[in-house]
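Visitor: Sequence first, then the predicted structure, then my questions.
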Amino acid sequence: MPIDIEQIAALDVHVHVEKDHEGHVSVNDEILAASEKYFKPGTNRTPTVDDIAAFYRERNMAAVVFTVDATTHMGHPAISSEQIADDVAKYDDTLLAFGSVDPWRGDDACEQAIKLVRDHGVRGFKFHPGMQGFIPNDERFYPLYEEIDKLGVPILSHTGQTGIGAGMPGGAGIKLRGCNPMYLDDVAADFPNLQIILAHPSVPWQDEAISMATHKSNVYIDLSGWSPKYFAPQLVKAANSYLRHKVLFGTDYPVINPDRWISDFESLDFKDDVLPLVLKENAAKLLGLRP
């Protein structure tokens, strides 16, 4: 049974699957321990698809789930996006799957993206320029965007500071420069039909992200990765007014709990007509769950 937008309280567009059925986790033990220290999640740090489905069903919420395939740059084998998507199919009243492909795999990444949509029903793709070690506007990766554009699904790309590698020597080799959202401005201009979600408040490039979402109809912002009480004032103002149709509820679960996120968000005095847009309506329309 597909997700019933009328019945759910919220649609979280940013949730990580951190462990597969065999116990393989998405990052190595050292990075995982550092991220726990940084985020202090106070919950299961390595949920499976089954765990996530149960967690969100308890809250009458739906969620978009994914992993990050950073095999080439991080040297750690990814959780299978194919397996995630197939598991999500068991919970289609609660979950949607995004895929992840390693952009350094060239033609193979393009082929994998096609198969993930065609054979496994993924609804979009997740990128993390820092973890995957690439600059989004590098034209070597344009063939991958072209294929995703043809498939008619959005991309969700990490922007801003990342908690992965935070506090470790050299940030575990993760370079933040590629996480500047302005690199995706080129992609948005060159692929005007490709819907691009800028993941997270883009610290320290918040104004750039707001400018992009204002300027380009195919650019959105998800509000994950930070408690709303830490949102920059200009982000709150934009989300509560002229970007009310361009911002999406996201948590970054398991590192941010949706209960805490919504409680903090509701304390920001958002307009009554904006709350449902952010919490589910904007995402529902973007993901084709609303006409």
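Guide: Here it is on my side, so go on. Numbering: from 1, shown residues only.

Visitor: all strands of the stretch 151-291 of the chain, in order?
Guide: Secondary structure of the stretch 151-291 of the chain (DSSP state E, counting those that start in this stretch): strands located at 155-158, 196-199, 219-222, 247-248.

Visitor: Tell me the strands beside the shortest one, with direction?
Guide: Looking back up the chat, that one is strand 247-248. Next to strand 247-248 in the sheet, as set by DSSP bridges, lie strand 219-222 (parallel).

Visitor: could you dump the strands of the stretch 151-291 of the chain to a markdown table with distance to Glu30, mean neighbour count and mean pLDDT?
Guide: (C-beta placed from N, C-alpha, C; glycine too.) Output for the strands of the stretch 151-291 of the chain, formatted as a markdown table (distance: least, Cβ to Cβ, whole Å; neighbours: other Cβ atoms under 10 Å; pLDDT from 0 to 100):
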| stretch | distance to Glu30 | mean neighbour count | mean pLDDT |
| --- | --- | --- | --- |
| strand 155-158 | 20 | 24 | 98 |
| strand 196-199 | 24 | 28 | 98 |
| strand 219-222 | 28 | 25 | 98 |
| strand 247-248 | 32 | 26 | 98 |
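
Visitor: Please produce JSON lines containing those strands, extended by distance to Tyr145.
Guide: What follows is the strands of the stretch 151-291 of the chain, written out as JSON lines (distance: least, Cβ to Cβ, whole Å):
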{"stretch": "strand 155-158", "distance to Tyr145": "8"}
{"stretch": "strand 196-199", "distance to Tyr145": "9"}
{"stretch": "strand 219-222", "distance to Tyr145": "14"}
{"stretch": "strand 247-248", "distance to Tyr145": "20"}
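
Visitor: Could you give the average pLDDT over the helix or strand containing Ala33?
Guide: Element membership for Ala33, per DSSP states H and E: helix 29-39. Averaged across helix 29-39, pLDDT comes to 82.

Visitor: So for that helix, what gets flagged as buried?
Guide: Under the neighbour-count criterion of 16 or more other Cβ atoms under 10 Å, helix 29-39 has 31-32, 34-36, 38-39 buried.

Visitor: Then stretch 80-92?
Guide: The neighbour-count check on stretch 80-92 (16+ other Cβ under 10 Å) flags 80-85, 87-88, 91 as buried.

Visitor: Please apply the same query to stretch 47-54.
Guide: Residues of stretch 47-54 classed as buried by neighbour count (16+ other Cβ under 10 Å): 47-49, 51-53.

Visitor: for stretch 116-123, same thing?
Guide: So stretch 116-123, judged by 16+ other Cβ under 10 Å, has buried residues 116-117, 120, 122-123.

Visitor: out of those residues, which are inside strands?
Guide: Of the buried residues of stretch 116-123, none are assigned to strands by DSSP state E.

Visitor: how far does the least confident helix or strand in the chain by mean pLDDT sit from the chain's center?
Guide: Lowest on mean pLDDT, DSSP states H and E among the helices and strands of the chain sits helix 29-39, with a mean of 82. Helix 29-39 has its C-alpha centroid displaced from the chain centroid by 19 Å (Cα atoms, centre = their mean, to the nearest Å).

Visitor: so what's Ala34 closest to, chain neighbours aside?
Guide: With sequence-adjacent residues excluded and distances taken as Cβ to Cβ, 6 or more residues apart in numbering, Ala34 is closest to Met168, at 5.0 Å.
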